[in-house]
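Undergrad: Task: produce atomic coordinates for the following.
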Amino acid sequence: MNRNVTNEGAAAADALAAMIRQFSKSGRLISEFELRRQFIAQHQPRFVDQDADILSTLAKTLQQHDDLYELPADDGVQYYYSSQGMAQAYALMLLQKLGDPARLIAEVIRQNSASYPRPVPLDMFTNPPFDLTREQVVDCLERMTVEEGYGDIASTTTSASTIFLYSTLHLEPEHASMLAEWFDVGQLENP
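TA: A predicted model of the protein is given here:
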């Protein structure tokens, strides 16, 4: 094989890896489309059959770099991230955010109810990394009341009028209410 072709392929693989790592460090996934678009913009003169060359180089890049991962979305789009810039759990959460936010909200509620166990404040979903509006969260919760698969998602309101969400699969209503009250009011009054 021609040394120049080999060096060019290695440089292309390094460029793709650097793009994936850059997106991950900024807390974002990069889609295959965006990866190809940016790569072509930077390296267009070198590649004649751009799609075939890029996809081939991308496959080699993933094999050569242990920190790079591919995540398929429900719609078939491929996303990429680097474990140097984000954890797998965060990448999966970002992937869910790209899909149905109701599913993401439910999974976060269930995980917190099961693992910690604790209810989560509704407003948590309006902050990073979720960045949903309050209206989007409320719309998702309203959808959950009528759609199948969300029957375990419940809410409780504290004496300070803060809404907390929990899963009845993992927390009893009384326990969830007590925990929400403690997190919202009790901790502040009893440091």
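Undergrad: Please enumerate the strands of this protein.
TA: Counting by DSSP state E, one finds strands in the chain at the ranges 30-31, 68-72, 78-82, 120-121, 153-157, 163-167.
Undergrad: what residues go with each domain of the chain?
TA: If you go by automatic domain parsing, the domain ranges for the chain are 3-94, 101-189.
Undergrad: In contact with the residue nearest to residue 183 when sequence neighbours are not counted, which residues?
TA: Leaving aside its chain neighbours, residue 183 sits nearest to residue 118 (6.9 Å; criterion: C-beta to C-beta, 6 or more residues apart in numbering). (Each C-beta comes from the backbone N, C-alpha and C, glycine too.) For residue 118, the contact set (C-beta atoms under 8 Å, 6 or more residues apart in numbering) comprises 112, 166, 179, 183.
Undergrad: Please verify my assumption that the third one contacts residue 119.
TA: Just to be clear, that refers to residue 179. Yes - assessed by C-beta atoms under 8 Å, residue 179 is found in contact with residue 119 at 5.7 Å.
Undergrad: Look up the residues that both of those two are in contact with.
TA: Common neighbours of residue 179 and residue 119, counting by C-beta under 8 Å, 6+ apart, are 164, 171.
Undergrad: Kindly reformat the domains of the chain as JSON lines and extend each row with mean pLDDT.
TA: As requested, those are exported to JSON lines (pLDDT from 0 to 100):
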{"stretch": "domain 3-94", "mean pLDDT": "82"}
{"stretch": "domain 101-189", "mean pLDDT": "94"}
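Undergrad: Tell me how far stretch 156-176 lies from the chain's centre.
TA: 25 Å (C-alpha atoms, centre = their mean, to the nearest Å).
Undergrad: contacting residues around residue 122?
TA: Contacts for residue 122 were tallied using C-beta under 8 Å, 6+ apart; they are 134, 137, 138, 141, 155, 162, 163, 164, 165.
Undergrad: Which one of these sits in the busiest neighbourhood?
TA: Neighbour counts for those (other C-beta atoms under 10 Å) peak at residue 165, which has 26 neighbours.
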